[in-house]
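# Sequence and predicted structure are below.
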Amino acid sequence: MAISVAAQARALCGAIILGLAAGLLYDLFRVIRVRVRRHFIGPALDLLFWICCTVVFFIWSVDAGGGLVRLSTVLISLSGGWFYFSLLSPHL
């Protein structure tokens, strides 16, 4: 069964948006970490971040890729996160 070009384009855009959203979520958790000075809040926020990212990436991969996590989608998601941190994060 072949995947259409439109489905691949949607998956590409979804992976980029997923990376941008993960970067934004990390920045939001970083604000909480800086403002709330407790020794347990850092590890708790890290765990919550990774749980959220894992669940969302799994649900998205089931929808966009038929349950397959491809290396290309992981790399594109990471490039979306890189794009967020290098261009958008300093301004927010």
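Structure received.
# Give me the residue ranges of the chain where confidence is low.
Residue ranges of the chain with pLDDT under 70: 1-2.
# can you tell me which helix in it is longest?
helix 5-35 (DSSP state H).
# Can you list the buried residues in the next helix or strand after it?
Per DSSP states H and E, the first helix or strand lying C-terminal to helix 5-35 is helix 41-65. Neighbour-count burial for helix 41-65 flags 45, 49, 53, 57, 60-61, 64-65 (criterion: 16 or more other C-beta atoms under 10 Å). C-beta: built from backbone N, CA, C; applies to glycine.
# Repeat that for stretch 12-19.
Those would be 14-16, 18-19, for stretch 12-19 by 16+ other C-beta under 10 Å.
# List the residues that contact Ile16.
The neighbourhood of Ile16, defined by C-beta atoms under 8 Å, 6 or more residues apart in numbering, consists of 76-77, 79-80, 83.
# one step back: ok, the buried residues of helix 41-65 vs Ser89, which is closest?
When those are compared for distance to Ser89 (C-beta to C-beta), Phe49 wins out at 14.8 Å.
# my read: the closest one touches Leu28, true?
No: taking C-beta atoms under 8 Å as the definition, Phe49 is not a contact partner of Leu28, at 9.4 Å.
# Give me the residues contacting whichever strand or helix holds Phe83.
For Phe83, the host element (DSSP H and E) is helix 71-83. For helix 71-83, contacts defined as C-beta under 8 Å, 6+ apart pick out 11-12, 15-20, 22-23, 57, 61, 64-65.
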